[in-house]
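1. Predicted model, plus sequence, below.
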Amino acid sequence: MARVVVVHGIGQEFLGPEQMRRDVVPALRDGVLLAGSPPPAPEDIACAFYGDLFTEPGTRSDDLPPWDEWDVEEGLEAKLLDAWRQAAEEAEDGAGAEDGAEADAAGTRGVIGHVASRALRVERVRAALDALAGTRFFGRVSDRLLVLALRQVRRYLTEPALRTAAQDRVAAAIGPDTRVLVAHSLGSVVAYETLCARPELPVTDLVTLGSPLGLRGIVFDRLTPAPVDGTARRPGGIHRWTNIADRGDVVALPDRLAPRFGAAVSDQRIDNGTRMHDLARYLTAPRTGTAIARGLG
């Protein structure tokens, strides 16, 4: 079985595990090599794939429904959209969050989720989508893809059967030789909950990339197991947890996890250029390679 397992994030429902390996394996090996360590063999790297769980059987297609502002659901989806908008605007302004500052979706400016009138709420959603379309992060992302991302996060957090199935995929990819679990975006939530639910898994090192695990009001407060007094449980069996985020990565809200998951989390920042949230960029970063090599050492 593989020594390293990579867990993908949202938007992979039209791919498959072998297509994912095509991009992930060379990127991960390059990252370890650029960090000055011998890279793992290709056969030592596996991909935990769950993207197909978000599609209906027999309906896989690259043609997304014509989603727009009317399709963003009130509540979790609207709050997440608002949190992304605020973070994107701050990144564009060069403001960013101060070191150690928390991102709290309940306190974002647009209060999309609290507007009583549906027409007014939709108007505010449209304004948020338009604002995101003008940012570097989301500038080339269509309404359909944005709504798809919102929907997948909401579905994972609110549909128990899908949540369990995704975690089962991650657990199935982990074998007796697996030591490092690398998880990107929503995949970091799946990986974290999998390790918490199965402390007997042999993983010793968790590497999270562009993770939304600390986002209050949307992700953090819905984790299983539930946080206690504002602090989440550290997964059993994990010796080291490295969290890596591009400061301009709007999904990584907040970009530091130690304040919510304990001082043992090593938060590190990198620069992925214009592709702030891209998995391959994260994997080829020397800091990611260092964290992986440490787990394999």
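-> Nice, I can see it.

2. Would you point out which residue is most central in this protein?
-> Geometric centre of the chain, nearest residue: residue 185, 1.2 Å, by CA atoms, centre = their mean.

3. you'd agree that residue is up against residue 10?
-> Yes. Residue 185 lies in contact with residue 10 (CB atoms under 8 Å); the separation is 5.9 Å. Yep, even glycine has a C-beta here, placed from its N, CA and C like the rest.

4. In space, what's closest to the residue nearest to the centre of the chain - neighbours in sequence excluded?
-> Leaving out its chain neighbours, the residue that sits closest to residue 185 by CB to CB, 6 or more residues apart in numbering is residue 9, at 2.6 Å.

5. Next one: the one you found relative to residue 33, how far apart?
-> 24 Å (CB to CB, to the nearest Å).

6. cool, residue 234 as well?
-> Distance from residue 234 to residue 33, counting by CB to CB: 30 Å.

7. what does residue 183 give?
-> With CB to CB as the criterion, residue 183 and residue 33 are 21 Å apart.

8. now residue 153
-> Distance, residue 153 to residue 33, by CB to CB: 33 Å.

9. quick one, which of these two is more surrounded?
-> Between residue 153 and residue 33, counted using other CB atoms under 10 Å, residue 153 has the larger neighbour count: 23 against 15.

10. got a list of what the more buried one touches?
-> By CB atoms under 8 Å, 6 or more residues apart in numbering, residue 153 lies in contact with 10, 76, 77, 80, 186, 212, 218, 219.

11. Spell out the secondary structure type for residue 182.
-> Per DSSP: H, G, I helix; E, B strand; the rest coil, the local secondary structure of residue 182 is strand.

12. Run a quick neighbour tally on it.
-> Residue 182 has 31 neighbouring residues, counting by other CB under 10 Å.

13. So in terms of bridging, what pairs with it?
-> Residues in a beta bridge with residue 182, per DSSP bridges, are residue 6, residue 207.

14. that older thread, just want the phi and psi numbers for the residue nearest to residue 185.
-> phi -110, psi -150 (degrees, to the nearest 10).

15. my guess is it contacts residue 189, does it?
-> No. Shown here, residue 9 and residue 189 do not form a contact pair, counting by CB under 8 Å, at 9.2 Å.

16. what do those two both touch?
-> In contact with both residue 9 and residue 189: no residue, using CB under 8 Å, 6+ apart.

17. more crowded one of these two?
-> Higher neighbour count among residue 9 and residue 189: residue 189, with 28 against 24, using other CB under 10 Å.

18. pLDDT score for the more buried one?
-> On pLDDT, residue 189 comes in at 96.

19. Packing partners of the helix or strand containing residue 243?
-> Taking DSSP states H and E as the definition, residue 243 sits inside strand 240-246. Using 3 or more CB pairs under 8 Å, 6 or more residues apart in numbering; DSSP states H and E, the elements in contact with strand 240-246 are strand 205-209, strand 265-270, helix 279-284, helix 286-296.

20. Would you mind listing the outside residues contacting that strand?
-> Strand 240-246 has contacts (CB under 8 Å, 6+ apart) with 204-211, 234-235, 252, 255-258, 261, 264-272, 276-277, 281-282, 285, 287-288, 291, 294-295.

21. which parts of stretch 272-292 are buried?
-> Residues 272, 276-292 are the ones in stretch 272-292 that count as buried (16 or more other CB atoms under 10 Å).

22. Wait, residue 170 touches residue 46, no?
-> No. Counting by CB under 8 Å, residue 170 sits too far from residue 46 to count as a contact (10.4 Å).

23. Between the two, which has more neighbouring residues?
-> Using other CB under 10 Å, the more surrounded residue of residue 170 and residue 46 is residue 170, with 25 against 22.

24. Just confirm residue 280 contacts residue 22, I think it does.
-> No. Taking contacts as CB under 8 Å, residue 280 lies outside contact range of residue 22: 10.8 Å.

25. residues touching the residue nearest to the centre of the chain, list them.
-> 8, 9, 10, 209, 210, 211, 212, 251, 277, 279.

26. Kindly calculate the angle that the strand holding residue 243 makes with strand 180-184.
-> 30 degrees (axes from the mean of the first three to the mean of the last three CA atoms, to 10 degrees).

27. Show me how far strand 240-246 is from its chain's centre.
-> 12 Å (CA atoms, centre = their mean, to the nearest Å).

28. what comes up buried for that strand?
-> 241, 242, 243, 244, 245, 246.

29. of all those residues, which comes closest to residue 164?
-> Nearest to residue 164 among the buried residues of strand 240-246 is residue 241, at 23.2 Å by CB to CB.
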